[in-house]
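Peer 1: All I have is the shape, not the residue letters:
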């Protein structure tokens, strides 16, 4: 046989034969036909289905050789992995009662006596932070479920759920258009990449039935359970890789009001890829599909090249998969993220995906140079680490390690760790500076302070941390300029003030006073990634400025980051007091969804309940939603008064605070509102008829307030003490909304009257203090 040459990448062979290749570039060489024959001889053994490897379909392909590069398209000669043999798919042979999961009542149930609606307990199911909302319309007579009725809907329709997720849903019973008894059945589909133990648990306001079912319709029963109202219904089954359904519904077909609530949780052990967590950065790319063109973050595989971005300490919650291009070529979705380190650092890029996952760390312009790579099977952790990586800009890559067989929308979570992490990503509650990145010719009319014409400043409050950017550039005449950021603050009493920062370049800070040109009270600088701080004690009340910028005028890329914090002592303490009611809501964070008491801003609407004379010790803040928008935590409290009253709602917080009293169903109407500066009360007073109303507390701004900032709020009324009924009779002589021995002693020490001051002991309002007043107190004890 005549020898021929076949080009093979040394990095590919190194990866295939001896693990990840750590060379700086991929050098090409030739091997003769004997080498090619050797490679070909390996392919059958690699593509054969390993015994017992149920999840092999989504693992590495027939040979690792073609897969160590960063290409999106499959290389020439790519051999797809074998499909999973039919006998490896799990199927249940257990028959399913045709009425077990049905929406319509079986024969005989239609004539059953409906349970009284008030027999269903309410209030035992509460949505929690991080829950996913079912969002199905509330059923009603004549309702047709085309939302998530599963095999009971035509066509079949399902919601989806992932391991570790809890769904906050609603169900009930109703009459169909023909008068038959129906129940709302909710079907949630999930996929296992590997064998796992699955538990499905639900608690509902009615007797609740749960199932684990196999696909497709008609579903086969795998496990079932039932729980009484407000008690858990739970099932557990060990399942092979495949797609399944978790079912929840009432266990009866009559008597359950539509809109009754349930909360159900899917637990999978092992959980291949955890669902997105609060604080994760959603990738945001559309799911791939046949014919897809990646112009989102395909990096060097996209034309033009396009990259996502990631910062040290951030976690990307992303999706990938494989698909056919418009010409029929096998492609994979590759996700590229750019990052910059300002000093030599140790860098680690790790991921876990639902398919065999390939990682890279790369450098340079496209085609980028590989610095490190690694691969791991589905549901296994994979990490690439490089020590003492020089300052500069780099790319990290995550993608499937195969070009076929991975459903688009398969999930991964990937984390970038950098040591030192400088200055770190913006944290929930940081004040995001918001200034555009500088560039040659830039004119700073954002917060350049005394360096801008006219002078312009940002503002900052005590305890706030600003997440900002700076850099150096050339002005229109060619002069070297630095971006300087100035923040104004006010203190209302003598205070100790500290201004500290850390940045990606050598950083200069100032504490300044006066009008422009200002006077320096303190200044300091520090190298890149080193903290710098200035302090002034006993600073008189007044308005001051803090400054942060590069300490050089050239060589700092625009968009370089810093974080800076203003500390003032004292700074508006807002503390819980004995007797306060703790709000109980988890602190917000980037990506937070308020399912606790977000009121009309939550879907479904959700409120906390309070009573007149309650004092709430709560927390609020601002954060970025999953779409990157500035969002504030709004807290809504529902209260009812049984008679006309003058109601006052007072909120005092560590941030600029908004308070409202509202009425009506969502969207509500404002009856009164107020705003106040930090540490000052925002007070609303309104005369109200009997009814149900809402008291609202939130920051008055949408960014810059750390999650977990505190407030105290009090709801008061003239007639709302339960121990002080309307009219002239008032046994609560000390005005603390109870009747106890203190009130009794007030009356006893007032008898007889006259002579003497009668008002303290005059419980019946007749102008004297006598045995009648004493009897009023005695018959009211104890209250409440």
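Peer 2: That came through fine. Fair warning: this is a prediction, and the values are worked out from it, not measured in the lab.
Peer 1: what bits of the stretch 451-600 of the chain have low per-residue confidence?
Peer 2: For the stretch 451-600 of the chain, the stretches flagged by pLDDT under 70 are 492, 573.
Peer 1: Validate this expectation: residue 775 resides in a helix.
Peer 2: Yes - the assignment for residue 775 by DSSP: H, G, I helix; E, B strand; the rest coil puts it in a helix.
Peer 1: list the contacts for residue 677?
Peer 2: residue 656 (Cβ atoms under 8 Å, 6 or more residues apart in numbering). No exception for glycine: its C-beta is placed from N, CA and C like everyone else's.
Peer 1: Quick check: it vs residue 489, distance?
Peer 2: As defined by Cβ to Cβ, to the nearest Å, residue 677 lies at a distance of 12 Å from residue 489.
Peer 1: Now do residue 765, the pLDDT please.
Peer 2: For residue 765, the model assigns a pLDDT of 78.
Peer 1: Would you point out the helix or strand in the chain whose mean pLDDT is lowest?
Peer 2: Lowest mean confidence among the helices and strands of the chain (mean pLDDT, DSSP states H and E): helix 10-18, at a mean of 20.
Peer 1: How is this structure divided into domains?
Peer 2: With domains defined by automatic domain parsing, the chain comprises 1-74+273-421, 117-269, 431-560, 581-717, 727-784.
Peer 1: got a markdown table for these, with distance to residue 568 too?
Peer 2: Formatted as a markdown table, the domains of the chain follow (distance: least, Cβ to Cβ, whole Å):
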| stretch | distance to residue 568 |
| --- | --- |
| domain 1-74+273-421 | 27 |
| domain 117-269 | 31 |
| domain 431-560 | 3 |
| domain 581-717 | 10 |
| domain 727-784 | 36 |
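Peer 1: which stretch in those domains is the model least sure about?
Peer 2: domain 1-74+273-421 (a mean of 72).
Peer 1: and residue 358, how many neighbours?
Peer 2: Around residue 358 there are 29 other residues, counting by other Cβ atoms under 10 Å.
Peer 1: ok, now which ones touch it?
Peer 2: 67-68, 373-375, 382, 397-401.
Peer 1: ok, what's across the strand from it?
Peer 2: Note on residue 358: beta-bridge partners by DSSP bridges are residue 375, residue 399.
Peer 1: contacting residues for residue 434?
Peer 2: Counting by Cβ under 8 Å, 6+ apart, residue 434 makes contact with 446, 703.
Peer 1: picking up where we left off before, so among the contacts of residue 358, which ones count as buried?
Peer 2: 67-68, 373-375, 382, 397-401 (16 or more other Cβ atoms under 10 Å).
Peer 1: quick one: residue 253 from residue 166, how far?
Peer 2: Going from residue 253 to residue 166 by Cβ to Cβ gives 26 Å.
Peer 1: Have a look at the two and say which one is more surrounded.
Peer 2: residue 253 (24 against 19).
Peer 1: just checking, the more buried one touches residue 171?
Peer 2: No - with contact defined as Cβ atoms under 8 Å, residue 253 and residue 171 do not form a contacting pair (11.6 Å).
Peer 1: Which neighbours do those two have in common?
Peer 2: Shared contacts of residue 253 and residue 171 (Cβ under 8 Å, 6+ apart): residue 183.
Peer 1: Could you say which helix or strand holds the residue nearest to residue 371 when sequence neighbours are not counted?
Peer 2: Sequence neighbours aside, residue 361 is the residue nearest to residue 371 in space, at 4.8 Å (criterion: Cβ to Cβ, 6 or more residues apart in numbering). Using DSSP states H and E, residue 361 falls within strand 357-363.
Peer 1: could you pull out the strands for the stretch 551-700 of the chain?
Peer 2: For the stretch 551-700 of the chain, the strands defined by DSSP state E, counting those that start in this stretch occupy 560-569, 581-582, 608-609, 615-620, 622-624, 630-632, 635-641, 645-653, 657-663, 669-676, 681-688, 691-699.
Peer 1: any chance of the ones you listed in TSV, plus distance to residue 427 and mean neighbour count?
Peer 2: Converted to TSV, these look like this (distance: least, Cβ to Cβ, whole Å; neighbours: other Cβ atoms under 10 Å):
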stretch	distance to residue 427	mean neighbour count
strand 560-569	8	21
strand 581-582	24	13
strand 608-609	27	16
strand 615-620	16	22
strand 622-624	10	24
strand 630-632	14	19
strand 635-641	21	21
strand 645-653	20	23
strand 657-663	21	23
strand 669-676	26	16
strand 681-688	26	17
strand 691-699	16	22
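Peer 1: Of the ones you listed, which is nearest residue 210?
Peer 2: Of all these, the one in closest proximity to residue 210, counting by Cβ to Cβ, is strand 608-609 (29.0 Å).
Peer 1: and the closest one, how far out from the chain's middle?
Peer 2: With Cα atoms, centre = their mean, to the nearest Å as the basis, strand 608-609 stands 22 Å off its chain's centre.
Peer 1: Going forward, count from 6.
Peer 2: With 6 as the first residue, the last one maps to strand 613-614.
Peer 1: So what are the sheet partners of that strand and their directions?
Peer 2: Assessed with DSSP bridges, strand 613-614 is paired to strand 640-646 (parallel).
Peer 1: which one among the contacts of residue 363 gets closest to residue 562?
Peer 2: residue 402 (22.4 Å).
Peer 1: my read: that closest one touches residue 304, true?
Peer 2: Yes - using Cβ under 8 Å, residue 402 is in contact with residue 304, at 6.7 Å.
Peer 1: Is residue 753 within a helix or a strand, and which one?
Peer 2: Residue 753 belongs to helix 746-755, assigned by DSSP H and E.
Peer 1: And that helix, what does it pack against?
Peer 2: helix 776-785 (3 or more Cβ pairs under 8 Å, 6 or more residues apart in numbering; DSSP states H and E).
Peer 1: Now do the helix it packs on and helix 746-755, the angle between them.
Peer 2: Using axes from the mean of the first three to the mean of the last three Cα atoms, to 10 degrees, the inter-axis angle of helix 776-785 relative to helix 746-755 is 170 degrees.
Peer 1: Can you report how many residues neighbour residue 713?
Peer 2: 16.
Peer 1: Make sure it is actually in contact with residue 626.
Peer 2: Yes - assessed by Cβ under 8 Å, residue 713 is found in contact with residue 626 at 6.0 Å.
Peer 1: Common neighbours of the two, please.
Peer 2: With Cβ under 8 Å, 6+ apart as the test, residue 713 and residue 626 both reach 434, 592-593.
Peer 1: returning to what we had before: residue 574 is nearest to which of the domains of the chain?
Peer 2: domain 436-565 (4.5 Å).
Peer 1: what about that closest one, start to end distance?
Peer 2: 16 Å (Cα to Cα, to the nearest Å).
Peer 1: cool, stretch 286-306 as well?
Peer 2: One end of stretch 286-306 to the other measures 22 Å (Cα to Cα).
Peer 1: Pull the residues that contact that stretch.
Peer 2: 75-78, 281, 307, 310-313, 315, 319-331, 336, 338-342, 371-373, 400, 402, 413-414, 596, 631.
Peer 1: hmm, 7 Å instead?
Peer 2: Stretch 286-306 is touched from outside by 75-77, 281, 307, 310-313, 319-324, 326, 328-331, 338-342, 371-373, 400, 402, 413-414, 631, with contacts defined as Cβ atoms under 7 Å, 6 or more residues apart in numbering.
Peer 1: Relative to residue 532, how far out is residue 366?
Peer 2: Distance, residue 366 to residue 532, by Cβ to Cβ: 25 Å.
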